[in-house]
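Chemist: fold the following.
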Amino acid sequence: MTAPSSAPALHQQLQHTASLLMRVRGGASMPDALLKVPAHLRAGCQALGFHVMRWRGSAEAARARLVPRQPAPEVDALLTCALALMWPLHAPAYSPHTLVDEAVKCAARLAPHSKGFVNAVLRNALRQQTALQAQVAQVPEGRHNHPAWWVRRLQRDWPEQAEAIMQAAQAHPPMTLRAHARHGGRPALTPALEAAGLAWQAPAIAPSAMTNGGAPPGLPQAAVLERAVPVDRIPGFSQGHWSVQDAAAQLAAPLLLQGMRDVRGRLPRVLDACAAPGGKTAHLLECADLDLWALDADAQRLVRVQENLSRLQLPWGSPGGRVELRAQDAREVARWWDGIPFDAVLLDAPCSASGIVRRHPDARWLRRDSDIAALVKLQAELLDALWPLVKPGGCLLYATCSVFKAEGSHQIDAFLQRQGLPAGVLDPSSPGHLLPLADNPSSDPRKASGRPDSACDGFFYALLHKP
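Modeler: From the prediction side, this is the model:
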């Protein structure tokens, strides 16, 4: 992560990264907080900020032991950022000398009276590294770099996998692409990647991710880049040949479409009930001609859906189907529904995002334990409101990017009980909980020697058929 000579000085980036941390501590998300960072510093501060969020638990536990009395907010944020950059201790992002010097320069800009204090604390941390690491590991947040309530919930839901799930959340996620099926799909589009020097591999859902014991589903349009690049470096991206979408999220569209029955000779009527930012909406339209309604409660977020559809030239050609975007709360059915049942409903419900914290490491610190009950209530209200809109013989796909059972299997069990539905309405092809875990290094000779399959994001899918 060491910055090249042409990059802004580390102390400048540290100053804005400390401000990012203070804003996140105040309840702002990283994307929102980053908007306040000068444009020329934003990329570097995002990288530093994500690193700080991944190691925030260790850094805060270390700061509490080094300085029992919490310093002023801006000094505490700077110390936390600098300490986080010492982790992981076996492979720190910067050399100790560089980090301390740059943090002291930052202190001179941020709070001049604290220069000596910051210098003393960080040098003390370096001297005590081994003992400090042992002390930090005694605190749940320090050991796991997740809030204590989050750790407890994971250990209760997934006692055998909890440790691995939290370790996986510390890793940088792969950049996974989805090839536009109407442009020829992966076979037609990947040669352009190779010509541009972008190495890729076909991903697979790891068997270790499958909690229901089923066979991992296929990913015919997915390509994982060997290294992440700006989208403008991806050949054909602006022409709509590719979208960025995790492997687990790419399961939604084919699952829903395979669940539809008796739609021959007509345009299937489909509802995407919580559509923004539009990745799954677009995937549905890439795979089939549909009469698609895309709802979202946030009108501004629907703008992003339209932007995605326009770039991807969707709906496709003629007849090609149609799409209607509506800024509506899906629960308020009387305000938007025309009374005609849907062949299929996709409910990608609001959730804790606990399955995607490797991509959004700030999410684990923004959530509170009490949020889960509120989200579970909202998910249940959406399920109960939308199920009557599915025609007999139709289907509803419930999805969340969560690994918490309360938002997945427990939610669906409760729904079936409330509705008096037999267990048989749950399609046996439903993946259920997908955990963000990779298998051990592959022995497949077609793959790089010893290279493990990439982990997918954590998701839950339940495909329900209407009797």
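Chemist: what residues of the biggest strand by length in the chain count as buried?
Modeler: Ordering each strand of the chain by length in residues (DSSP state E) puts strand 390-400 first. Judged by neighbour count using 16 or more other C-beta atoms under 10 Å, the buried positions of strand 390-400 are V390, K391, G394, C395, L396, L397, Y398, A399, T400. To be clear about C-beta, it is placed using only N, CA and C from the backbone, and glycine gets the same treatment.
Chemist: hmm, who's touching that strand?
Modeler: By C-beta atoms under 8 Å, 6 or more residues apart in numbering, the residues outside strand 390-400 that reach it are 252, 255-256, 259-262, 341-349, 351, 355, 379, 383, 386-387, 407-408, 411-412, 415, 427, 459-467.
Chemist: go on, stretch 95-105?
Modeler: 2, 9-11, 14, 78-79, 82, 85-86, 92-94, 115, 118-119, 122-123, 126.
Chemist: are any of the residues you listed buried, and which?
Modeler: The buried subset of the contacts of stretch 95-105 (16+ other C-beta under 10 Å) comprises 10-11, 14, 78-79, 82, 85-86, 92-94, 115, 118, 122.
Chemist: with pLDDT, distance to A192 and secondary structure added, can I get those residues in TSV?
Modeler: Converted to TSV, the buried ones among the contacts of stretch 95-105 look like this (pLDDT from 0 to 100; distance: C-beta to C-beta, whole Å; DSSP: H, G, I helix; E, B strand; the rest coil):
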residue	pLDDT	distance to A192	secondary structure
L10	96	37	helix
H11	96	41	helix
L14	97	39	helix
L78	98	45	helix
L79	98	47	helix
A82	98	43	helix
L85	97	38	coil
M86	95	41	coil
P92	90	38	coil
A93	85	34	coil
Y94	94	37	coil
K115	96	52	helix
V118	98	49	helix
L122	97	47	helix
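Chemist: out of the residues you listed, who's nearest P140?
Modeler: M86 (19.8 Å; C-beta to C-beta).
Chemist: can you count the residues close to A164?
Modeler: 16 (other C-beta atoms under 10 Å).
Chemist: hang on, it packs against L437?
Modeler: Yes. Here A164 reaches L437: they are 5.7 Å apart, a contact under C-beta atoms under 8 Å.
Chemist: L257: how many residues sit nearby?
Modeler: Neighbour tally, L257, other C-beta under 10 Å: 21.
Chemist: quick check: it touching L346?
Modeler: No. Counting by C-beta under 8 Å, L257 stays clear of L346, with 10.0 Å between them.
Chemist: what touches both of the two?
Modeler: L284.
Chemist: and the longest helix for this structure?
Modeler: Identified as the longest helix of the chain according to DSSP state H is helix 369-386.
Chemist: what residues of that helix count as buried?
Modeler: Across helix 369-386, burial judged by 16+ other C-beta under 10 Å covers I372, L375, V376, Q379, L382, L383, A385, L386.
Chemist: part of a strand, is E163?
Modeler: No. Read with DSSP: H, G, I helix; E, B strand; the rest coil, E163 is helix and lies in no strand.
Chemist: for it, which non-adjacent residue is spatially closest?
Modeler: Once flanking residues are discounted, E163 sits nearest to H144: 8.0 Å by C-beta to C-beta, 6 or more residues apart in numbering.
Chemist: tell me where the stretch 151-300 of the chain has helices.
Modeler: Taking DSSP state H, counting those that start in this stretch as the test, the helices found in the stretch 151-300 of the chain are 162-168, 185-195, 252-259, 279-287, 299-311.
Chemist: what about the strands in this structure?
Modeler: 175-179, 200-201, 222-225, 242-244, 269-272, 290-296, 321-327, 342-348, 390-400, 432-434, 459-465.
Chemist: for those strands, which one sits closest to L366?
Modeler: Using C-beta to C-beta and comparing the strands of the chain, the one that lies nearest L366 is strand 390-400, at 16.9 Å.
Chemist: quick check: angle from that closest one to strand 342-348?
Modeler: 20 degrees (axes from the mean of the first three to the mean of the last three C-alpha atoms, to 10 degrees).
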